[in-house]
Each structure stands twice: as structure tokens, then as C-alpha cells.
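Student: output the structure for:
(chains A, B, C and D)
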2 protein chains.
Amino acid sequence: MFRISRLTDYGTLILVFLAGQERRLCSASEVATGTHVAQPTAQKLLKVLAKTGLVESARGADGGYRLARNPALITTAEILDALDGPVAITECSTDDGDCVLEPLCQVGSAWQKINSAIRVALSDITLADLGHPQANIPELDLTRNKDAHPTPVVDH
Amino acid sequence: MFRISRLTDYGTLILVFLAGQERRLCSASEVATGTHVAQPTAQKLLKVLAKTGLVESARGADGGYRLARNPALITTAEILDALDGPVAITECSTDDGDCVLEPLCQVGSAWQKINSAIRVALSDITLADLGHPQANIPELDLTRNKDAHPTPVVDH
DNA sequence: GTAATTAGGACTATTTTAGTCCAATATAAG
DNA sequence: CTTATATTGGACTAAAATAGTCCTAATTAC
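Tutor: Numbers count the residues shown, from 1 in each chain, chains lettered A, B, ... in the order given. Here you go, the predicted model:
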């Protein structure tokens, strides 16, 4: 099933951490310490998040990062777009006559339908929600790597 | 955003192709020819699909593959589970006392909520739907690789 | 000018994916 | 029983992507 990359997971963690800091500026090393993510990795992710507008940054001494918006206004769709890559629409070179890719286009179109459904679902969940998990039955660890942080299962 | 792998895309294509054959047995080489997927790759995918129960196979001369069920009874969730990997719940070793992974568990739990939403969306779409694309506005190519089959964009 | 911190980008090791190949097994036909 | 056709099982390698790190330049407070 769909998996987020380990770095995306870390990036989300960083955002949740920053949400907990409210409007206070946090340096990359503070974020690394608070999230247990390696400092160079946290630095890298913070740069991406700043570039994509999810966090804002201040350079120089006493510089750092903080959320650009209220956690309730940052959707999961935005987070995943920023961390896993932007929307990339591929143009189909449908020349005249016999298109050998016709069956491919059929499937491709259906994937788009699926993607719309997913995006709607993701847009309903915000960073505020990520920081306050509900007691849902766990289903699937979206992290591609098993040694990423584990997710709890219901303990009967 | 979430991407399916190239092999998953090919596998889906193969299923759509088999759906078009109704109940006729098709050899791996026929499937390869009909889908324009390389023969060894098609062979490999057919094995996985047979193993996961989406197709049934017959060995020997006049052997081959065909769908195990009516296309309307095969959901996209099943297809992606089979091709991209099975449900993998990771157990969280929540020992007593100080759990340094607590923030991780928070995020992990939220990912599960997201996953549920995605799974619901995927369970509403069947293989029959994949073979009959609707005229929706294309949004995102889910294929991780750009040189996988391209999906059409609206040509204004 | 110095210290603290971000910005930009390159690099390498590791992991995953894609694609291929081959022997073993099963089955129909002669 | 042999041959041809086709699947099953699994191994292997090249290519691609990811993860993680490192370094210099630029900015800002003191």
C-alpha cells in the first residue's frame, strides 16, 4: 500500500514539534534534539519546509524556525506535497492515429480519480489533528521502512 | 504525494487487460504482447497476482492466467495490497515509564487515520472502474517514475 | 569582528526497484 | 514415454532512489 518515506515521516514529526512550540523560534539543533532526528537531517528537512512555506525562518543569531500558520490551517495534503514532492502532471503525447498507449491512458485516468479521493481525505486532516491522535484501531504503518518509528497496535 | 511504483502500474494494466479477455486463459507472453510490458516483467507480475489470489493460473500446455473474480468484485485496495505489499502492522514496544517515542506514536496514530481514509476511497473503486475511465480533470500522475506511461492532461 | 544560525548545494553510502535469467514442475498432445 | 508449451520458484545484477552527511556562503544580534 502507499507508504510515506522516512524523511516525510521525520518532516511531519518536526512540524508537530513546532506546533507544540507555538510561535517560538526554534533552531535546527533544538528541533533535532526535541524530535530525536539527526541534526543534519533535521536541518535539511527544515530547509525544505521553509522553502515550501510551511514554516518561516529567521537567519542570524537568535534565528530559527517556526510554523508559518496555525496548525489547524495546515492540511496533511500540503505537508505531503511539500515533503514527498509537488504535483506533477505528465502530458500525454497523444498523436493522431493509432495510440499504442490507449490502455495506459485508461488506467492513468483512473489513477487520477483515486488520487482525487486521497487528496480529499488528506485535506480533511490537519497538523492539529496529527498532534492529537484519536483512539482509532491501528491499521497500517505508512512508513516504508520498518525501522522508522513504530506505530502502536491495539493490545487485546 | 503518494506514488505507485512502475511495477504496480504495469500490474494494474495487466489486470485491466485480463478483464478485457473475460474468462479466457492467456499465457504470460500473450499478456506481455497485449500490454506492451516486457515478457519477463509480465511473467513476474502474473506470478505475484496469482499468489495473491487476484488471478488464477493453469499450468502446462494450453495453460495461462485469467482473473479470479468478476472485475466489479476486485477493489483497487486489493490490487495495491497485492502489488505494493501487504498490510504490515508494526508493533510498538511501549514499555512502562518514559517513552521517548511518544511524539512518534502520536504521528503514527494519525497516519493510520489517514490510511483508513485512503483505504475507504480505494475500496470504492474496482477493476471494472479502472477499465472505464471517466472524464475527470486529471490531477496527478501517481506513477513514481516520469517515464512510466504518461497520463493525459486536459488540453484546453 | 565574533558567534550563532540559516541557505545552498554537493557528495556518498545504503536501500529499493526494475529487469532479467534459469532450473524445476505440470500438463496436453502425439 | 517423449516433446512442446507454459507456470512456479527463486536468484542475480544494473539502475534508480533514498538517507544521511558535510561544507561554504550569507545573514543577523551583540
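Student: for the rest of this, base every contact and every neighbour count on C-alpha atoms.
Tutor: OK.
Student: ranges for the strands of chain A?
Tutor: A:55-58, A:64-67 (DSSP state E).
Student: can you say which of these is packed in most?
Tutor: Most buried of those by mean neighbour count (mean count of other Cα atoms under 10 Å in any protein chain shown) is strand A:64-67; its value is a mean of 23.
Student: now tabulate the strands of chain A in a markdown table and tack on distance to DNA strand C and mean pLDDT.
Tutor: Output for these, formatted as a markdown table (distance: least, Cα to the nearest atom of the strand, whole Å; pLDDT from 0 to 100):
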| stretch | distance to DNA strand C | mean pLDDT |
| --- | --- | --- |
| strand A:55-58 | 5 | 95 |
| strand A:64-67 | 3 | 96 |
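Student: right, so of those, which gets closest to chain B?
Tutor: Proximity to chain B (Cα to the nearest Cα) singles out strand A:64-67 among the strands of chain A, at 16.9 Å.
Student: pull the CA atoms of the closest one into CSV?
Tutor: Output in CSV follows, covering the C-alpha atoms of strand A:64-67 (Å, rounded to 0.1, in the frame of the first residue of the first chain):
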residue,chain,number,x,y,z
GLY,A,64,15.4,29.7,13.8
TYR,A,65,12.2,28.2,12.5
ARG,A,66,8.5,28.3,13.5
LEU,A,67,5.3,27.3,11.8
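Student: list the contacts of that strand.
Tutor: Residues outside strand A:64-67 that contact it (Cα atoms under 8 Å, 6 or more residues apart in numbering or on different chains) are A:15, A:18-19, A:21-28, A:46, A:54-58.
Student: if you set the cut-off to 10 Å instead, what comes out?
Tutor: A:14-31, A:46-47, A:49-50, A:53-59, A:74 (Cα atoms under 10 Å, 6 or more residues apart in numbering or on different chains).
Student: near chain B at all, stretch A:47-59?
Tutor: No. Using Cα under 10 Å from any Cα of the partner chain, stretch A:47-59 never reaches chain B; the gap is at least 13.9 Å.
Student: just the terminal-to-terminal distance for that stretch.
Tutor: By Cα to Cα, to the nearest Å, the extent of stretch A:47-59 from end to end equals 12 Å.
Student: tell me if it is near DNA strand D.
Tutor: Yes. Interface with DNA strand D: stretch A:47-59 contributes A:58-59 (Cα under 7 Å from any atom of the strand).
Student: also stretch A:62-80?
Tutor: Yes. Part of stretch A:62-80 sits near DNA strand D under the criterion Cα under 7 Å from any atom of the strand, namely residue A:62.
Student: re the thing from before, including distance to residue B:38, could the strands of chain A go into CSV?
Tutor: CSV is the format used below for the strands of chain A (distance: least, Cα to Cα, whole Å):
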stretch, distance to residue B:38
strand A:55-58, 45
strand A:64-67, 48
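Student: of all the ones you listed, which lies closest to residue B:80?
Tutor: Smallest distance to residue B:80 across those (Cα to Cα): 33.5 Å, for strand A:55-58.
Student: contacting residues around the nearest residue to residue A:126 once chain neighbours are set aside?
Tutor: Among residues not flanking residue A:126 along the chain, residue A:75 sits closest, at 4.1 Å (Cα to Cα, 6 or more residues apart in numbering or on different chains). The neighbours of residue A:75, taking Cα under 10 Å, 6+ apart as the test, are A:81, A:122-130.
Student: top of the residues you listed by neighbour count?
Tutor: residue A:130 (26 neighbours; other Cα atoms under 10 Å in any protein chain shown).
Student: distance of that residue from residue A:115?
Tutor: With the distance defined as Cα to Cα, residue A:130 ends up 21 Å from residue A:115.
Student: around DNA strand D, pick out the residues from chain A.
Tutor: So chain A meets DNA strand D at A:5-8, A:38-41, A:44, A:58-62 (Cα under 7 Å from any atom of the strand).
Student: show me the contacts for residue A:37.
Tutor: Residues near residue A:37 by Cα under 10 Å, 6+ apart: A:7, A:10-11, A:13-14, A:29, A:31, A:43.
Student: could I get those as JSON lines with distance to DNA strand C and pLDDT?
Tutor: Shown next, in JSON lines, are those (distance: Cα to the nearest atom of the strand, whole Å; pLDDT from 0 to 100):
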{"residue": "A:7", "distance to DNA strand C": "13", "pLDDT": "89"}
{"residue": "A:10", "distance to DNA strand C": "16", "pLDDT": "91"}
{"residue": "A:11", "distance to DNA strand C": "14", "pLDDT": "92"}
{"residue": "A:13", "distance to DNA strand C": "16", "pLDDT": "90"}
{"residue": "A:14", "distance to DNA strand C": "12", "pLDDT": "94"}
{"residue": "A:29", "distance to DNA strand C": "6", "pLDDT": "94"}
{"residue": "A:31", "distance to DNA strand C": "8", "pLDDT": "95"}
{"residue": "A:43", "distance to DNA strand C": "7", "pLDDT": "95"}
